[in-house]
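*Asks:* pasting the sequence and the predicted coordinates here, then a few questions.
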Amino acid sequence: AQGLPCPGGFRPTPLHEVLLKTALLPDERAVSAWREWRSVTDLDSTDSGAYRLLPLVHRNLSALGVRDADMERLKGVRRRTWYANQIIFRELAGLLTALHRAGVETMVLKGAGLVQRQYGDIGLRPMNDFDIMVRPERVPEAIHLLKDAGWAPKNRPPTERLDRYCRYIHSIPFWRKDHPECDLHWH
């Protein structure tokens, strides 16, 4: 499961903060935080915010030599994240190739841009989509290339006056059946 809805929205709850300590502290404090977290909740009732931290929790607890009944499950979450991210990176690579062949410069944003460089392991950061940015003047061409590759905009941009639309909107989400979402940004 991907986790229950996140009760804190985009802000960490107190339990998320305990799990962040488990994921990031380099010593016994992480193990203590894990014990604290486990004393009030379990993996079966993990919300989506906590679920996204579990691969990092696995890496840190493994590095600290923790032996716990849930370590194999944490390892499974990390492997599932790695697998799902492989699919995302394959889709991303295909779109980047098409855009670059057409001479459209791109920048990879957010998770896909951070995961390999900052995390060093694509199994550590769950992603649901990927984000590509192009220069504002290349948006029409990028939209056309995405459509040619089988992607459809979730919100239909206007066919006329696209330049005006692009002044007020920063991105368009695209989707394909059974694929991760792609957000095309220009601001």
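*Replies:* Received the coordinates, thanks.

*Asks:* mind listing what's buried in the lowest-mean-pLDDT helix or strand in the chain?
*Replies:* Ranked by mean pLDDT, DSSP states H and E, the helix or strand of the chain with the weakest confidence is helix 162-168, at a mean of 73. The neighbour-count check on helix 162-168 (16 or more other C-beta atoms under 10 Å) flags C166 as buried. (Each C-beta comes from the backbone N, C-alpha and C, glycine too.)

*Asks:* which other helices and strands contact the helix or strand immediately after it in the chain?
*Replies:* Per DSSP states H and E, the first helix or strand lying C-terminal to helix 162-168 is strand 171-175. If contacts are counted by 3 or more C-beta pairs under 8 Å, 6 or more residues apart in numbering; DSSP states H and E, strand 171-175 sits against strand 152-153, strand 181-185.

*Asks:* now do 6 Å
*Replies:* The contact analysis (3 or more C-beta pairs under 6 Å, 6 or more residues apart in numbering; DSSP states H and E) places strand 171-175 against strand 181-185.

*Asks:* buried stuff in the strand it packs on?
*Replies:* For strand 181-185, burial by neighbour count (16+ other C-beta under 10 Å) applies to E181, C182, D183, L184, H185.

*Asks:* of these, closest to S62?
*Replies:* When these are ranked by distance to S62 (C-beta to C-beta), E181 comes first, at 31.0 Å.

*Asks:* my read: the closest one touches M127, true?
*Replies:* No. E181 is beyond contact range of M127, at 10.0 Å (criterion: C-beta atoms under 6 Å).

*Asks:* count of residues packed around H100?
*Replies:* H100 has 11 neighbours, counted by other C-beta atoms under 10 Å.

*Asks:* for H58, same thing?
*Replies:* 26.

*Asks:* please identify which helix or strand holds it.
*Replies:* helix 54-63.

*Asks:* packing partners of that helix?
*Replies:* Applying 3+ C-beta pairs under 6 Å, 6+ apart, we find helix 54-63 packed against helix 14-24, helix 71-101.

*Asks:* show me what secondary structure element comes after the last one.
*Replies:* To tie it back to what came earlier, the one meant is helix 71-101. That would be, after helix 71-101 and using DSSP H and E, strand 106-109.

*Asks:* need the contact partners of that next one.
*Replies:* L96, L99, D131, I132, M133, V134 (C-beta atoms under 6 Å, 6 or more residues apart in numbering).

*Asks:* that'll do, ta.
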